[in-house]
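> What shape does this take:
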Amino acid sequence: MFPFLLDSHGRITLFELHAAYKLQHYSYLQNVYLLTNGLRPQNRPALALPIRRSNLLEDAVALLRVPLGTAVHLHLMMVFSGEAVAGPGVNAEFFLLFMEALVANKEIGFLTDWESNLLWFSEEAMQEVRLGQTLVSSADIYWALGVACGLAVYNRVFMDFHFPLALYKKLLGVSPDLCDLWELSPRLGRSMTKILEDTNEHLEDTLCRTFTYQYETNGKVIMRELIPGGSFTMVTQRNKHEYVERFVHHKFCSDAVQRKFERFEAGFTSVCQVLHFRLLSPRELRDVAFGKASYDWPALEQGVIYVNGFNARHNTIKMFWEVFRELSDEQKKRFLIFVTGTDRVPLSGMKALGITFSMAENPEGLPQAHTCFRTFYLPAYGDKTDLRDKLSIALEQCFGFAPLE
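Numbering: from 1, shown residues only. Next comes the predicted model:
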């Protein structure tokens with residue numbers, strides 16, 4: 001394998017072809033197994049995972065923390081209990097809600113930087129966490145998160161995964177650097193850069209900093225030495241570069257962080273073997289795994305397909321795009337989630353989403369969506385204000401899949 005012979009687009013295409021081949025290959029093997037045991041083959045063999053909305057995090061961790069064997073290489077089919085709809089849109093909604101539930105649970109041990117809004121592993125030791133009525137090891141939760149991310153990548157479902165580029169570097173065996181600290185925590189990045197740029201000969205007197213790393217947990221400030229005897233070693237002009245390097249290394253690779261990352265990595269590579277995506281750079285892996293967050297709203301409009309009585313010249317469609325252009329970016333992203341199950345954008349751009357607009361049967365009802373097919377059911381409203389109000393209500397209620405008649 002010589003990845004340097006391919007450009008970025010070629011490497012990403014090769015990765016996606018490999019994932020598609022594995023899905024096809026393991027689907028074939030599953031049907032061979034069924035036939036040899038006298039059972040009927042399936043059109044699309046799937047890994048079906050039933051989840052209760054009311055216990056989403058508990059159910060997901062319980063299902064994903066156990067080895068799934070070769071079943072992880074089948075098409076993923078998340079099923080919410082009591083709901084008839086299943087497919088890519090439901091998968092996307094599950095991953096979105098799963099990450100929200102993980103981040104909301106403060107016992108699990110993720111830190112959110114207040115400036116970048118990015119997540120990283122905390123310095124706290126792994127412990128048992130209560131999920132619903134069950135006590136679960138946080139080690140199992142990190143494994144389950146890795147499996148979930150691997151399944152998202154493998155099934156080409158974008159996941160709202162707010163981790164910095166440093167995570168993808170570590171997955172590919174690349175050491176994070178000061179640029180990664182800037183991305184994760186601009187405040188710390190500025191502080192370290194200021195130290196490097198300081199030309200004061202007596203830096204130890206003005207900076208008054210030792211080779212230590214401090215963090216707060218449960219209201220207590222904890223100090224860790226970056227080198228043996230670090231609490232007695234002042235940062236000087238001579239050793240400041242070593243200090244910054246060790247500070248960055250500790251932030252991304254301390255013992256506590258590394259143990260959590262290794263559990264995540266083990267879960268991730270149980271689905272996506274690291275050998276198969278070493279041809280990608282860290283940035284390419286991040287884009288392949290979780291899409292882009294750059295939005296070209298005119299391209300979205302250009303890529304829409306109109307069916308069942310609608311066309312680009314229909315009065316309701318003209319009113320819709322007038323209303324849509326007036327929405328805030330957050331409301332527009334909400335529309336993406338409503339129709340596709342995620343607000344992430346394919347590498348090929350928003351036009352490639354290929355959303356279908358279909359005329360709804362009830363001209364007075366609320367807009368609906370079938371995320372499995374990226375179809376938006378819009379009533380043929382005759383009034384722009386009515387359209388705006390009902391679209392707003394639909395977007396506020398965008399989570400939850402109701403069966404469409």
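> which stretch of helix or strand covers Tyr78?
Quick fix: residue 78 is Met, not Tyr. Met78 is part of strand 75-80, with elements assigned from DSSP states H and E.
> Packing partners of that strand?
On a contact count with 3 or more CB pairs under 8 Å, 6 or more residues apart in numbering; DSSP states H and E, strand 75-80 meets strand 46-51, helix 88-104. Heads up, the C-betas are built off the backbone N, CA and C, glycines and all.
> Would you reformat the ones you listed as CSV and include mean neighbour count?
Rendered in CSV, the data for these read as follows (neighbours: other CB atoms under 10 Å):
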stretch, mean neighbour count
strand 46-51, 17
helix 88-104, 21
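> Same list (the ones you listed) but as TSV, adding mean pLDDT.
Listed next are the helices and strands packed on strand 75-80 as TSV, based on pLDDT from 0 to 100:
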stretch	mean pLDDT
strand 46-51	86
helix 88-104	85
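> ok, back up a step: what angle separates the strand holding Met78 from helix 88-104?
70 degrees (axes from the mean of the first three to the mean of the last three CA atoms, to 10 degrees).
> Strand partners (parallel or antiparallel) of strand 75-80?
Strand pairing for strand 75-80, using DSSP bridges, gives strand 46-51 (parallel).
> Same list, the helices and strands packed on strand 75-80, but as JSON lines with distance to Tyr168 please.
Shown next, in JSON lines, are the helices and strands packed on strand 75-80 (distance: least, CB to CB, whole Å):
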{"stretch": "strand 46-51", "distance to Tyr168": "25"}
{"stretch": "helix 88-104", "distance to Tyr168": "16"}
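> Which of these sits closest to Phe247?
With CB to CB as the measure, helix 88-104 is the member of those nearest Phe247 (25.4 Å).
> Tell me which helix or strand comes right after that closest one.
Trace forward from helix 88-104 with DSSP H and E and the next one is strand 110-112.
> what helices or strands is that next one leaning on?
Here strand 110-112 touches helix 88-104, strand 119-121, going by 3+ CB pairs under 8 Å, 6+ apart.
> Those: which one's closest to Val129?
helix 88-104 (10.4 Å).
> Can you tell me which helices and strands the top helix by length along the chain packs against?
Counting residues, the longest helix in the chain under DSSP state H turns out to be helix 8-36. Applying 3+ CB pairs under 8 Å, 6+ apart, one finds that helix 8-36 contacts helix 138-154, helix 282-290.
> pLDDT (mean, whole number) over the longest one?
What that stands for is helix 138-154. Taken as a whole, helix 138-154 has a mean pLDDT of 91.
> next one: that helix to chain centre, how far?
Centroid separation between helix 138-154 and its chain, computed with CA atoms, centre = their mean, to the nearest Å, is 11 Å.
> any idea of the angle that helix forms with helix 88-104?
For helix 138-154 against helix 88-104, the angle by the same axes, to 10 degrees is 150 degrees.
> residues making contact with whichever helix or strand comes after helix 138-154?
Sequence order places helix 165-171 as the next helix or strand after helix 138-154, per DSSP H and E. For helix 165-171, contacts defined as CB atoms under 8 Å, 6 or more residues apart in numbering pick out 120, 175-176, 180, 183-184, 252-253, 261, 265, 268, 274, 282-283, 285-286, 289.
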